[in-house]
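# Pasting a predicted model and its sequence here:
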Amino acid sequence: MEDIKKYIEDNKQRFLDELFELIRIPSISSEKEHKEDMKKMAEALKQKLLEAGADKAQVLPTDGNPVVYGEKLINKNKPTVLVYGHYDVMPVDPLEKWNSKPFEPEIRDGKIYARGADDDKGQSFMHIKALEMLVTTGTLNCNVKFMLEGEEEIGSPNLKKFCEQNKDMLQADTILVSDTSMLGMENPSITTGLRGLAYMEVHVTGPNKDLHSGIFGGAVANPANVLSEMIAKLKDDNKKITIPGFYDDVIEATEEERKEMNKAPFDLEEYKKSLDIDEVEGEAGYTTLERTGIRPSLDVNGMWSGYTGEGAKTILPSTAGAKISMRLVPNQDHKKIAGLFKDYIKSIAPHSVNVEVNELHGGQGYVCPIDLPAYKAASEAMEETLGKKPIPVRTGGSIPIIATFDQVLNIKSILLGFGLEADAIHSPNENYPLDQFYSGIETIARFYRKFAETEK
């Protein structure tokens with residue numbers, strides 16, 4: 001494998017320069033003003049795939065942002081890997097919290113700082129460079145396809161239809177994804193489970209206009225107060241979610257499974273220190289690893305109401321709103337949970353306000369069997385690169401489309417991610433360590449070779 005290491009070493013700076021070109025495109029899928037940036041980003045990825053040695057690359061339309069498809073087919077009798085990634089990124093707010101411009105990447109302390117450095121431009125780009133390396137050195141021994149979408153950060157609303165319409169084109173033996181994290185370089189891991197997601201928006205309306213809080217305060221319902229009280233009723237004192245029927249389909253982990261999960265290296269004091277908190281909080285009776293891996297959760301992602309400008313404005317606001325996400329464990333159906341949430345919120349709303357509840361997006365959870373040939377190839381590849389066998393772990397994040405791949409394409413996904421919890425994805429100062437970036441390219445190249453051998 002010395003050819004892999006040498007190629008990476010000889011091309012390190014070029015790899016970074018090319019990645020930075022992509023990062024500089026502000027491909028924020030949730031903001032309409034970046035529609036043209038999404039198209040620009042898709043075209044740039046198409047070009048990168050062609051430069052890497054793909055036989056063909058296309059920008060294919062959907063009802064939303066386009067999908068970039070590429071392929072390098074060497075032999076129809078060889079196994080095929082379908083690489084999935086996404087080129088859209090999260091908004092950058094609050095901008096004042098960034099220590100550098102979010103779309104002007106900088107390297108500090110051995111890390112790339114920029115929006116998308118990790119999630120998911122940096123991680124997706126590793127696959128393009130791994131392909132380039134194997135094609136250039138004449139050592140690619142399996143077929144490789146790419147499906148890079150531009151709507152993952154808004155729930156992949158159009159990718160299921162795309163997969164249904166392009167089943168033959170997307171045919172593969174496994175799907176390889178780098179959009180997750182690992183425990184660390186010293187304790188590598190491979191994600192084997194993802195939580196599902198139900199993402200909701202709640203609007204509370206009271207009087208038909210903002211009112212003087214002195215004249216009307218105490219006599220008319222305040223939507224901000226009401227919404228706060230409703231949210232407080234979503235959990236009990238033990239931090240268990242109170243929505244009727246919420247836990248009906250949860251498959252409880254066995255004591256043995258919980259024991260194995262808690263063997264993963266985890267320093268609670270270091271965890272609290274890294275977050276600058278005095279204590280963790282969550283469902284009673286479970287460890288932090290269990291709370292984020294095998295238990296569902298509910299969190300407010302944003303709230304708005306009333307006057308928040310400088311100085312005072314004594315009003316009773318007319319409206320209030322909140323965005324609320326629920327992370328779900330496998331076997332919980334996100335549509336069912338969304339319905340239960342809507343029914344419960346409306347049932348606890350007082351008659352003094354009107355309440356509207358909308359489901360923004362969601363997806364099912366996913367569990368990857370660790371006896372799959374593709375998983376074994378990924379495990380061996382990571383062990384060779386990092387010198388230690390990776391630990392299979394379940395993570396608290398969600399990639400809703402992964403379960404769809406299983407259902408629509410009937411293909412299992414291997415979640416070979418190289419991020420870290422410290423990478424601040426979705427937050428100001430998102431970053432990606434250079435060691436992870438280069439190790440990811442090496443591991444992916446090793447995976448292709450090993451997977452081709454296991455599928456002979």
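Perfect, I can see it now.
# quick one: terminal-to-terminal distance for stretch 393-401?
End-to-end distance for stretch 393-401, by Cα to Cα, to the nearest Å: 19 Å.
# Give me the mean pLDDT for it.
Mean pLDDT, computed over stretch 393-401, is 86.
# again, but for stretch 29-48
Across stretch 29-48, the average pLDDT comes to 98.
# Which residues outside that stretch are in contact with it?
Contact with stretch 29-48 is made by 18, 21-22, 25-28, 57-59, 65-68, 70, 87-91, 125, 128, 148, 150-154, as judged by Cβ atoms under 8 Å, 6 or more residues apart in numbering. Any C-beta I mention is one placed from the backbone N, CA and C, and that applies to glycine too.
# How far off centre is it?
Centroid separation between stretch 29-48 and its chain, computed with Cα atoms, centre = their mean, to the nearest Å, is 19 Å.
# and what of stretch 247-254?
The answer for stretch 247-254 is 23 Å, by Cα atoms, centre = their mean.
# what's the helix or strand for the residue located most distally from the centre of the chain?
Largest separation from the mean C-alpha position in the chain: residue 215, at 47.3 Å (Cα atoms, centre = their mean). Per DSSP states H and E, residue 215 falls inside helix 213-216.
# From residue 450, how far off is residue 228?
The span separating residue 228 from residue 450 equals 54 Å under the rule Cβ to Cβ, to the nearest Å.
# Report the beta-bridge partners for residue 298.
Beta bridges link residue 298 to residue 326, judged by DSSP bridges.
# buried set for the helix or strand that the helix holding residue 215 is followed by?
Counting by DSSP H and E, the next helix or strand C-terminal to helix 213-216 is helix 223-232. Within helix 223-232, the residues that qualify as buried are 223-228, 230-231, counting by 16 or more other Cβ atoms under 10 Å.
# is it possible to export the residues you listed to CSV including pLDDT?
Below are the buried residues of helix 223-232 laid out as CSV (pLDDT from 0 to 100):
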residue, pLDDT
223, 98
224, 98
225, 98
226, 98
227, 98
228, 98
230, 98
231, 98
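# what would these look like in JSON lines with distance to residue 75?
Converted to JSON lines, these look like this (distance: Cβ to Cβ, whole Å):
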{"residue": "223", "distance to residue 75": "63"}
{"residue": "224", "distance to residue 75": "63"}
{"residue": "225", "distance to residue 75": "67"}
{"residue": "226", "distance to residue 75": "64"}
{"residue": "227", "distance to residue 75": "60"}
{"residue": "228", "distance to residue 75": "62"}
{"residue": "230", "distance to residue 75": "60"}
{"residue": "231", "distance to residue 75": "57"}
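# Pull the number of nearby residues for the nearest residue to residue 239 once chain neighbours are set aside.
Spatial nearest neighbour of residue 239, excluding adjacent residues (Cβ to Cβ, 6 or more residues apart in numbering): residue 283 at 4.9 Å. By other Cβ atoms under 10 Å, 16 other residues sit near residue 283.
# Verify the stated contact: residue 283 with residue 298.
No - between residue 283 and residue 298 there is no contact under Cβ atoms under 8 Å: 10.2 Å.
# Helix, strand, or coil at the residue nearest to residue 239?
Assigned state for residue 283: coil (three-state reduction, DSSP: H, G, I helix; E, B strand; the rest coil).
# so is residue 104 in a helix, a strand, or just coil?
Following three-state DSSP, residue 104 is assigned to coil.
# okay, now it: neighbour count?
Neighbours of residue 104 under the rule other Cβ under 10 Å: 12.
# So which residues of the stretch 301-450 of the chain form helices?
334-347, 373-386, 401-404, 434-454 (DSSP state H, counting those that start in this stretch).
# what's the closest of those helices to residue 75?
In this view, the helices of the stretch 301-450 of the chain are compared for proximity to residue 75 by Cβ to Cβ, and helix 434-454 is the closest at 9.9 Å.
# which strands and helices sit next to that closest one?
helix 2-23, strand 80-86, strand 111-113, helix 121-136, strand 174-177, helix 373-386 (3 or more Cβ pairs under 8 Å, 6 or more residues apart in numbering; DSSP states H and E).
# mind putting those in a markdown table, mean neighbour count and mean pLDDT included?
Formatted as a markdown table, those follow (neighbours: other Cβ atoms under 10 Å; pLDDT from 0 to 100):
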| stretch | mean neighbour count | mean pLDDT |
| --- | --- | --- |
| helix 2-23 | 16 | 95 |
| strand 80-86 | 25 | 98 |
| strand 111-113 | 23 | 98 |
| helix 121-136 | 25 | 97 |
| strand 174-177 | 24 | 98 |
| helix 373-386 | 21 | 97 |
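# okay, these in CSV with distance to residue 206 next?
Converted to CSV, the helices and strands packed on helix 434-454 look like this (distance: least, Cβ to Cβ, whole Å):
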stretch, distance to residue 206
helix 2-23, 44
strand 80-86, 39
strand 111-113, 43
helix 121-136, 43
strand 174-177, 45
helix 373-386, 53
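# per the record, what domains does the protein have?
2-194+365-454, 197-250+296-363, 254-290 (automatic domain parsing).
# Could you check how far the second one is from the centre of its chain?
Which is domain 197-250+296-363. That offset, for domain 197-250+296-363, works out to 24 Å (Cα atoms, centre = their mean).
# Next: the shortest one.
Relative to its parent chain, domain 254-290 has a centroid offset of 21 Å by Cα atoms, centre = their mean.
# ditto for the first one
Relative to its parent chain, domain 2-194+365-454 has a centroid offset of 11 Å by Cα atoms, centre = their mean.
# Now the terminal residues of that domain, how far apart.
So domain 2-194+365-454: terminal residues 21 Å apart, Cα to Cα.
# returning to what we had before: out of the helices of the stretch 301-450 of the chain, which is closest to residue 266?
helix 373-386 (18.4 Å).
# packing partners for the closest one?
So helix 373-386, by 3+ Cβ pairs under 8 Å, 6+ apart, packs with strand 174-177, strand 189-194, strand 413-415, helix 434-454.
# For the first one, give me every contacting residue.
If you take Cβ under 8 Å, 6+ apart as the criterion, strand 174-177 is touched by 79, 81-85, 127, 372, 374, 378, 399, 402, 405, 409, 411-417, 444, 447, 451.
# do the same with the second one
Among residues not part of strand 189-194, those counted as contacts by Cβ under 8 Å, 6+ apart are 180-183, 264, 293-294, 330, 365-368, 370, 375, 378-379, 382, 390-395, 397-399, 402, 414-417.
# ok and it relative to helix 373-386, angle-wise?
With axes from the mean of the first three to the mean of the last three Cα atoms, to 10 degrees as the basis, strand 189-194 and helix 373-386 are set at 150 degrees to each other.
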